Every structure is written in C-alpha cells, then in structure tokens.
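Participant: fold the stuff below for me.
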Amino acid sequence: MINRATTKILIWKAKRKLELWNEKECVGIYDIGLGFSPIGHKKREGDGKTPEGSYVICSRNRNSKFYLSFGLSYPNTEDAEEGYHNYIINKEQLDEIANAIRDGFCPPWNTPLGGAVMIHGHGSDTDWTAGCIAVNNDIMDILWEYCTVSTPVTIYE
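Facilitator: A predicted model of the protein is given here:
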C-alpha cells in the first residue's frame with residue numbers, strides 16, 4: 001500500500017542513483033542521468049550542474065516534452081541566500097524565492113540562479129540534461145504513482 005505522505009526521494013549524484021522510499025521501505029533504486037557538468041552544486045543558470053540539497057516536488061507535468069516531469073523547488077532559500085551573498089541575485093529576487101518556498105510554491109525559475117530543475121523521463125544513459133535528473137520512462141511511471149506535490153527530494157553529492 002502506498003502512503004504518499006511518507007514517500008521521499010534520495011538522489012546520489014556520484015553513484016548516479018535515485019532511491020524511492022515509502023514509509024521505511026526502499027521501493028526501488030534506479031539509474032539516473034544528470035546535468036552535462038554534474039560535479040559540484042548548481043550556482044547559476046547555464047552551468048550544467050544538478051543542485052545538491054533539500055527540495056520538494058513543487059509541480060507535476062503530465063504533458064512534459066520529457067515524457068512526465070516533476071518540478072523541484074530549486075532554488076531553495078539556502079541557494080538564494082548564497083546567491084545573494086555572492087552578488088548573483090539581488091535582494092528582491094532573494095525575497096521572492098524565500099517567500100515562494102515559505103508559502104509552499106515553486107520558486108521563481110527565471111533568476112540568474114537558474115531554475116526549472118526537474119526529475120523527468122527520456123533516459124538515464126548519460127549526463128545530458130541542463131541540470132535535471134533524468135530517468136527511463138518506465139521508472140518515471142513508478143515515480144508518478146508514488147510522488148505528489150510536496151514529496152521531499154534530497155540530492156547528495
């Protein structure tokens with residue numbers, strides 16, 4: 001039985017693996033593809049990196065051009081604060097991101113930090129995305145069944 005309230009996703013970038021958990025049980029471990037420059041944490045739009053940290057699924061797109069997709073809450077508040085302190089975004093952008101995260105919405109995806117980081121289909125064979133996490137379509141079907149908006153996603157190095 002699926003308890004969506006206790007579902008979570010753990011992503012291990014170095015291992016190229018995604019773990020799907022439901023309650024205290026690992027449902028499956030799946031291969032992933034990452035951004036085209038996957039080592040390190042995403043800092044800005046166009047760097048080809050997949051972010052690292054704690055996020056949630058903030059959108060579901062049944063009509064994605066990448067089969068199905070989940071939008072992640074990147075940039076989160078920590079990403080935004082770091083971007084602000086490094087002069088990548090301004091105070092207004094920091095506040096917009098922090099407010100969206102606080103209120104449970106997707107953050108703005110049009111800042112210099114980048115955005116629209118997704119978990120989506122169309123294959124896990126290589127690191128080919130702009131910073132997203134790609135899985136095979138049959139795995140995306142499994143994730144789609146288990147995950148809702150607000151499912152936690154933790155991305156590790």
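Participant: just checking: what are the partner strands of the longest strand seen in the chain?
Facilitator: Longest strand in the chain, counting residues (DSSP state E): strand 53-61. The pairing partners recorded for strand 53-61 under DSSP bridges are strand 69-72 (antiparallel), strand 152-156 (antiparallel).
Participant: show me the contact partners of the longest one.
Facilitator: Meaning strand 152-156. 8-14, 50-57, 70, 72, 119, 133 (CB atoms under 8 Å, 6 or more residues apart in numbering). Placement of C-beta: from N, CA and C, glycine included.
Participant: now for the residue nearest the centre of the chain: which residues touch it?
Facilitator: Taking CA atoms, centre = their mean, the centroid of the chain lies closest to Leu72, which sits 3.9 Å from it. Applying CB under 8 Å, 6+ apart to Leu72 gives the contacts 51, 55-58, 117-119, 153.
Participant: can you tell me which of those is nearest Ala100?
Facilitator: Here the nearest of the contacts of Leu72 to Ala100, counting by CB to CB, is Cys58; it sits at 8.5 Å.
Participant: now do the nearest residue to that closest one once chain neighbours are set aside against Tyr74, distance only.
Facilitator: Spatial nearest neighbour of Cys58, chain neighbours left out: Cys106 (3.9 Å); criterion: CB to CB, 6 or more residues apart in numbering. Distance from Cys106 to Tyr74, counting by CB to CB, to the nearest Å: 9 Å.
Participant: ok, the two, which is more surrounded?
Facilitator: Tyr74 (28 against 18; other CB atoms under 10 Å).
Participant: which element is the more buried one on?
Facilitator: Remark: Tyr74 resides in no helix or strand, with elements defined by DSSP states H and E.
Participant: what about the closest residue to it other than its chain neighbours, neighbour count?
Facilitator: Residue nearest to Tyr74 in three dimensions, not counting chain neighbours: Val117, with 4.2 Å by CB to CB, 6+ apart. Number of residues near Val117 (other CB under 10 Å) recorded here: 26.
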